[in-house]
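Asker: Any chance you could fold what I've pasted below:
(one chain, ligands or ions: 1)
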Amino acid sequence: MKAKKVLSLLMTAVLAAGMLTGCGGGRGTEDTTQTADTSAGVEETADAESTGEAEPDEAGASSAGSGIVGVALPWLGTQNWAEAEVMFKEQLEAAGYEAIIQAADQKVPQQQQQIESMIENGAQVIVVGPVDGSQLGSVLEKAKDAGVYVIGYDRLLENTTGVDGVVQFGSVKTGELQAQALLQGLKELKGEAPYNIELFGGGPADPNAPNFFTGAMSVLQPLIDDGTLVVVSGQTDFTQCATVDWDNSKAQSRMDAILAGNYSDIEIDGVLSPNDGIARAIITSCENAGQPIPVVSGLDAENESVEWVWSGRQYSTVAKPTNALVAETVSIINSLLSGNGMPATDVTANNGVMDVPIYELPPVVVTKDNAKEVFADDPDRMALLKD
Ligand code: BGC
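Answerer: Numbering: from 1, shown residues only. Alright, predicted model coming up:
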């Protein structure tokens, strides 16, 4: 307790010093990115998170942090983004920050305006899950010029120098896991090869979507080449397989058309799906066409899909827990706003104009076999696994 108090006073002093150096505790005039040793900031964060609340200091102010943090989300159309909206508010406020959280309904101009107004309202850090990874260059550079730190959340920020780092689950790795689960399910449920399959990708504006697809194809392509897997429609390019705006109804229409055009007298065995909403659309299309349910991959461990995996209607999903990604982001914000700069990381991704530091968490594949293990610490999802 005593040590914590000393740390708290130290943090207060560091914060006060940061405010004196300019920009209200934001980036300031010198760039501290990449170089600072951040271990103290990270420890403080872990402590604040584990107690779940900020401890007041003598003056009654929050000891964990203070300042304004903007969070710009792309939409709330999948469970992970809806969770992010709630969890950022809870975790940022618990850490002592004022949070401005907005979602952009998949519209680039709306997101640009939201980021502009966060800058005008004095945000010292802006967290961005971009609608379109490559369309925010100028507004993010404006943020940088105004001394604001910019952290990409879940998706890469491309073609801009206005980014300090990106927090995400490994996106190529996610695609590999989806493809491996698809293969495992085919072997388990669909007898001997060859297997008839189809491929779906996510929204082409989202930098994750081509990465998921690339990861998956690194596993599937050799098996397509040797005839183990047959893509009956012949559609194997990302552009043919992508689903604009991650729109489930577009994916369902594409699946309907593929089935009508190619599967009138054969069965479909499996489908690569980039997330859970699209997986459920694909499965529904197959059911409507009178097909036996194919093996379908997914992503997000959405509640409805966790139920479908448990009942055997969807073969797999991939868990990328939102609370962990938000906690990682908040710990970076604590480091930045206590004057410690960006934490060190060995991972970078080139965004077209610079190497961006990446803070990567591991995605985990979920099937009926391991669901209880994966969700052991997630009472909400555990409650969905009913016998
Ligand atoms: C996220 C997924 C999500 C998809 C659609 C991706 O960038 O990583 O979790 O399902 O966007 O919202």
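
Asker: Can I get stretch 293-306 in CSV, CA atoms only?
Answerer: Output in CSV follows, covering the C-alpha atoms of stretch 293-306 (Å, rounded to 0.1, in the frame of the first residue of the first chain):
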residue,chain,number,x,y,z
ILE,A,293,-24.4,-27.9,-43.1
PRO,A,294,-20.9,-27.4,-44.4
VAL,A,295,-17.8,-26.9,-42.1
VAL,A,296,-17.6,-23.1,-41.6
SER,A,297,-14.9,-21.0,-39.9
GLY,A,298,-15.5,-17.7,-38.1
LEU,A,299,-14.1,-14.9,-36.0
ASP,A,300,-15.0,-12.9,-32.9
ALA,A,301,-16.7,-15.5,-30.7
GLU,A,302,-19.9,-13.6,-31.0
ASN,A,303,-22.6,-14.9,-28.6
GLU,A,304,-24.8,-16.3,-31.3
SER,A,305,-21.9,-18.1,-32.9
VAL,A,306,-20.7,-19.5,-29.6
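
Asker: Tell me the residues of this protein that contact the ligand?
Answerer: Thr78, Asn80, Trp81, Asp154, Arg155, Gly202, Asp206, Asn208, Trp246, Asn275, Leu299, Asp300 (CB under 6 Å from any ligand atom). (Glycine included, C-beta is placed from N, CA and C.)

Asker: Nearest residue to Asn323 in space, please, no chain neighbours.
Answerer: Using CB to CB, 6 or more residues apart in numbering and skipping residues adjacent in sequence, the residue nearest Asn323 is Met87, 5.6 Å away.

Asker: I misspoke; the intended subject was Ala260.
Answerer: Spatial nearest neighbour of Ala260, excluding adjacent residues (CB to CB, 6+ apart): Ala289 at 7.5 Å.

Asker: swap in Ile278?
Answerer: Excluding its sequence neighbours, the residue lying closest to Ile278 (CB to CB, 6+ apart) is Ala251, at 4.4 Å.

Asker: do Glu141 as well
Answerer: Per CB to CB, 6+ apart, closest to Glu141 is Gly162, 4.1 Å.

Asker: now the one you found: how far from Asp225?
Answerer: 41 Å (CB to CB, to the nearest Å).

Asker: Pick out whichever of the two has more residues nearby.
Answerer: Using other CB atoms under 10 Å as the criterion, Gly162 and Asp225 rank with Gly162 on top: 23 against 9.

Asker: quick one on the thing from earlier: please state the backbone phi and psi of the residue nearest to Ala260?
Answerer: phi -90, psi 0 (degrees, to the nearest 10).

Asker: Numbering from 850 from now on, please.
Answerer: With 850 as the first residue, the last one maps to Ala1138.

Asker: The residue nearest to Ile1127 against Phe1049, yeah?
Answerer: Yes - Ala1100 is in contact with Phe1049 according to CB atoms under 8 Å; the separation is 5.9 Å.

Asker: Of these two, which one has the most company?
Answerer: Remark: of Ala1100 and Phe1049, Ala1100 carries more neighbours, 29 against 25, as counted by other CB under 10 Å.

Asker: Assumed that one was part of a strand.
Answerer: No - according to DSSP: H, G, I helix; E, B strand; the rest coil, Ala1100 belongs to no strand; its state is helix.

Asker: In contact with it, which residues are there?
Answerer: Phe1049, Thr1092, Ser1122, Ile1127, Ala1130, Ile1131 (CB atoms under 8 Å, 6 or more residues apart in numbering).

Asker: CA atoms only for the host helix or strand of the residue nearest to Asn1172 - export them in CSV, please.
Answerer: In the assignment (DSSP states H and E), Met936 maps to helix 928-943. Extracted C-alpha coordinates of helix 928-943, given in CSV (Å, rounded to 0.1, in the frame of the first residue of the first chain):
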residue,chain,number,x,y,z
GLN,A,928,-20.1,-7.7,-31.4
ASN,A,929,-16.4,-6.8,-31.0
TRP,A,930,-17.0,-3.1,-31.8
ALA,A,931,-20.1,-2.9,-29.7
GLU,A,932,-18.1,-4.3,-26.8
ALA,A,933,-15.2,-1.9,-27.5
GLU,A,934,-17.6,1.1,-27.1
VAL,A,935,-18.7,-0.1,-23.7
MET,A,936,-15.3,-1.3,-22.5
PHE,A,937,-13.4,1.8,-23.5
LYS,A,938,-15.8,3.9,-21.6
GLU,A,939,-15.5,1.7,-18.5
GLN,A,940,-11.7,1.2,-18.6
LEU,A,941,-10.8,4.8,-19.5
GLU,A,942,-13.0,6.3,-16.8
ALA,A,943,-11.7,3.8,-14.3
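
Asker: Give me the distance from the following helix or strand past it to the chain's centre.
Answerer: Downstream of helix 928-943, the first helix or strand assigned by DSSP H and E is strand 947-952. Put simply, strand 947-952 sits 17 Å off its chain's centre (CA atoms, centre = their mean, to the nearest Å).

Asker: same check, this time on stretch 1202-1210
Answerer: Centroid separation between stretch 1202-1210 and its chain, computed with CA atoms, centre = their mean, is 14 Å.

Asker: List of residues touching that stretch?
Answerer: Under the criterion CB under 8 Å, 6+ apart, residues 882-883, 1001, 1005-1006, 1008-1010, 1012-1019, 1169, 1173-1174, 1177, 1181, 1191-1192, 1194, 1196-1199 lie in contact with stretch 1202-1210.

Asker: For ChimeraX, write the select line for the buried members of those residues.
Answerer: To isolate the buried ones among the contacts of stretch 1202-1210 in ChimeraX, judged by 16 or more other CB atoms under 10 Å, type:
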select :1001,1005,1006,1009,1012,1013,1014,1015,1016,1017,1018,1019,1169,1174,1177,1181,1191,1192,1198
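
Asker: host element of Val918?
Answerer: Using DSSP H and E, Val918 maps to strand 917-922.
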